[in-house]
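[1] Provided below for reference: sequence and predicted model.
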Amino acid sequence: MTATHGQKAFYVVFAARSESSTGHAFVIWGIEDGERKLSSVEARGLYPESDAASCNVLVGTVPGRIMDEMANHSVQGITYALIVRMDEADFERSRRVARAWDCRHEFSLVSRDCVEFLHAVGASIHLHMPERGLLRLAPQAYIRALQDRAADGTLVRTGWINLGW
């Protein structure tokens, strides 16, 4: 699979940070434009819409939204990440999936949270995403499972380029 279009390279980064007790998972989209010598980055993650909803999150679904991880400085706190290089079509498909999640305005622990958002983006680009399971509930544990799959060759299909970070 070709990972560049002209002089552009496309990346999706699956990331986690850990400054809270639960941590947080989010996705970064990056484009490197070799002709212009420019890079662009966009980072998004799913959150409950309000802190007041925190208690309700434990028992049901609350309003949720996709937030800009660059604006809330999550990118600087990355503890685990996996970088996947891909072609433009897969890159754009993954961004469409993220926008669809934002349109639903829902957040629910384990079934519609930040890790499930990341899982949906990965599945949209045909990655063999790990099942969540008891040992992979937390964002950092899930990203480590992704890294393990990348290391043993079970995450990506033949011909993909992937880089660990």
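    Sure, I can see it.
[2] who's in contact with the most centrally placed residue in the chain?
    The chain has residue 27 as the residue nearest its centroid, 2.8 Å off, counting by CA atoms, centre = their mean. By CB atoms under 8 Å, 6 or more residues apart in numbering, residue 27 lies in contact with 12-15, 43-45, 94, 98, 117-118, 121. No exception for glycine: its C-beta is placed from N, CA and C like everyone else's.
[3] Most neighbours among those, which one is it?
    The residue in the contacts of residue 27 with the most neighbours, by other CB atoms under 10 Å, is residue 14 (28 neighbours).
[4] related to what we said a few turns ago, how close does the residue nearest to the centre of the chain get to residue 19?
    From residue 27 over to residue 19 the distance is 18 Å, taken as CB to CB, to the nearest Å.
[5] now residue 140
    From residue 140 to residue 19 the distance is 11 Å (CB to CB).
[6] Those two: which has the busier surroundings?
    Between residue 140 and residue 19, counting by other CB under 10 Å, residue 140 is the more crowded of the two (19 against 10).
[7] tell me the SS of that one?
    helix (DSSP: H, G, I helix; E, B strand; the rest coil).
[8] again, but for residue 135
    From three-state DSSP, the assignment for residue 135 is helix.
[9] give the contact list for it.
    residue 141.
[10] and the most far-flung residue of the chain relative to its centre, what pLDDT?
    Most distant from the centre of the chain: residue 35, at 27.2 Å, with distances by CA atoms, centre = their mean. pLDDT for residue 35: 85.
[11] which one is it nearest to, not counting chain neighbours?
    Taking CB to CB, 6 or more residues apart in numbering, and ignoring the residues beside it in sequence, residue 35 has residue 7 as its nearest neighbour in space, at 4.1 Å.
[12] Give the burial count for the one you found, as a bare number.
    11.
[13] For whichever strand or helix holds residue 80, name the packing helices and strands.
    Using DSSP states H and E, the element containing residue 80 is strand 78-86. Contacts defined by 3 or more CB pairs under 8 Å, 6 or more residues apart in numbering; DSSP states H and E place strand 78-86 against strand 8-17, helix 139-152, strand 161-164.
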